[in-house]
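Novice: Provided below are the primary sequence and the corresponding predicted coordinates.
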Amino acid sequence: MTGNWEVALERSTANNVPGVWNVLEKYPYIENTRKSLRAAKMKVIENMEVYLKQAMESVSRSGGKPHFARDAGEALQIVDGIIGSSKHIIMGKSSVAFEIGLRRHLAEAGRDVCETDFGEFLLQISEEEPSHIITVALHMTREAFGRSIHDKLQKSINENSSAPEMAAVVRSFLADKYQKAEIGITGANAVAADTGSVALVENEGNIRMTTVKPPIHIVVTGVDKIVPTMQDAFNEIMVQSAYAGSYPPTYINFTTGPSSTGDIESEIVRPATGPKEVHVVFIDNGRMEAARDPVLRQSLLCVRCGRCYFACPVYGILGKDWGKPPYSGPTGVMWHSVVTGDSSFAHLCTHSGGCMEVCPMDIDIPGVMEYLKWKDIREKTK
Ligand code: SF4
């Protein structure tokens, strides 16, 4: 790993843990919101085919183009078909994009592809893998960032530079990428089945730029991100950002089809100022099978707040090596099993239980780990 893992984790923990408690104390209504969201997400898990069909119809009704991919290979083919000969691509942070190997696939095809989230961008230039589900470069200290920027972008930056100095260099580099981009690719925090709206939460402004600036916006999302209504999608945004410790978030983005205007005699005309095409690629890749599993289905409730990582002693020692990026750490080990069928990383779980205590979705993570251990042994001994 780049930098010093213990130092990097200690600094992030010192910011995140009290930060989340402060948010929960200050905005007590989040407690009811998380309960309501859990119930809504469970409805989808129990009826995934029904909600997938409804979500795809809603995307289509709003002028967007829905797609369905059974696995990573199909998803890459669909994205290639949409992109055609376009060369300049910008990406918002997406663990699903990493799961299907999208950035590497596009770069190998000779396209100019650039991450726009600061953490993802710094991982990209440092040739590093994510170590946390949302704070993707958690393993990198400020000093490590400084060295990477010095080597790859700007000689005036070094390991003694401040975070604002580094952010200014990245901001200026990305400005040109936004300008040239023909395609913007993002994930989704939630997709509302009733409206086909894609909800995304962020603080940097990069996702807003990626969803609005290029003429074509592609959303790659797991089917687990479908929620029944737009209200549930908003609830997912609230819960995710609160339990990530960044509530209220700087930006909340909802995209419902391509840009449009009704200003000329109330006739709806597409496109207007923003994208002319919005594609939503719903990816299964093991999720629908997991939804049918009475124990593993709980993992699909995860809102990717990342809080369980800071409560886990095993992750504290092994970091991203506990699992396989992007799915490492407590929720990552469950998710690695969902998308690959490999449950072997669960054997390292010590069942300390802190993860379950802090999880806003009340996922019985130690219970799922116990089940995955049993599953792995059964498969290897039958
Ligand atoms: S398992 Fe729970 S605590 Fe961990 S990232 Fe998911 S929602 Fe957050």
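Specialist: That came through, no problem.
Novice: quickly list what the residue nearest to residue 234 when sequence neighbours are not counted is bridged to.
Specialist: Spatial nearest neighbour of residue 234, excluding adjacent residues (C-beta to C-beta, 6 or more residues apart in numbering): residue 199 at 6.8 Å. Quick note: C-beta positions are derived from backbone N, CA and C, even for glycine. Taking DSSP bridges as the rule, residue 199 bridges to residue 190, residue 254.
Novice: close enough to count as contact, residue 199 and residue 256?
Specialist: No - the criterion here is C-beta atoms under 8 Å, and residue 199 misses it with residue 256 at 9.9 Å.
Novice: what about the two, which has more around it?
Specialist: residue 199 (24 against 19; other C-beta atoms under 10 Å).
Novice: tell me the contacts of residue 369?
Specialist: Contacts for residue 369 (C-beta atoms under 8 Å, 6 or more residues apart in numbering) come out as 333, 334, 346, 349, 351.
Novice: mind doing that once more with 6 Å?
Specialist: 346, 349 (C-beta atoms under 6 Å, 6 or more residues apart in numbering).
Novice: check residue 28 too.
Specialist: Per C-beta under 6 Å, 6+ apart, neighbours of residue 28: none.
Novice: could you report the pLDDT at it?
Specialist: Note for residue 28: predicted pLDDT of 97.
Novice: quick check: the gap between it and residue 34.
Specialist: Distance check for residue 28 against residue 34: by C-beta to C-beta, to the nearest Å, it reads 11 Å.
Novice: ok, now residue 153?
Specialist: To residue 34, residue 153 is 40 Å away according to C-beta to C-beta.
Novice: same check, this time on residue 24
Specialist: Applying C-beta to C-beta to residue 24 and residue 34 gives a distance of 10 Å.
Novice: for the ligand, what are the nearby residues on the stretch 201-350 of the chain?
Specialist: Taking C-beta under 6 Å from any ligand atom as the contact definition, the stretch 201-350 of the chain meets the ligand at 243, 302, 303, 304, 305, 306, 307, 308, 330, 331.
Novice: who does the closest residue to residue 83 other than its chain neighbours bridge with?
Specialist: With C-beta to C-beta, 6+ apart as the criterion, residue 83 has its nearest non-adjacent residue at 5.6 Å, and that residue is residue 183. Per DSSP bridges, the residues bridged to residue 183 are residue 89, residue 216.
Novice: for residue 183, give me its contacts.
Specialist: Applying C-beta under 6 Å, 6+ apart, the residues near residue 183 are 83, 86, 89, 214, 216.
Novice: so what's the second one up against?
Specialist: It stands for residue 86. Going by C-beta under 6 Å, 6+ apart, residue 86 touches 182, 183.
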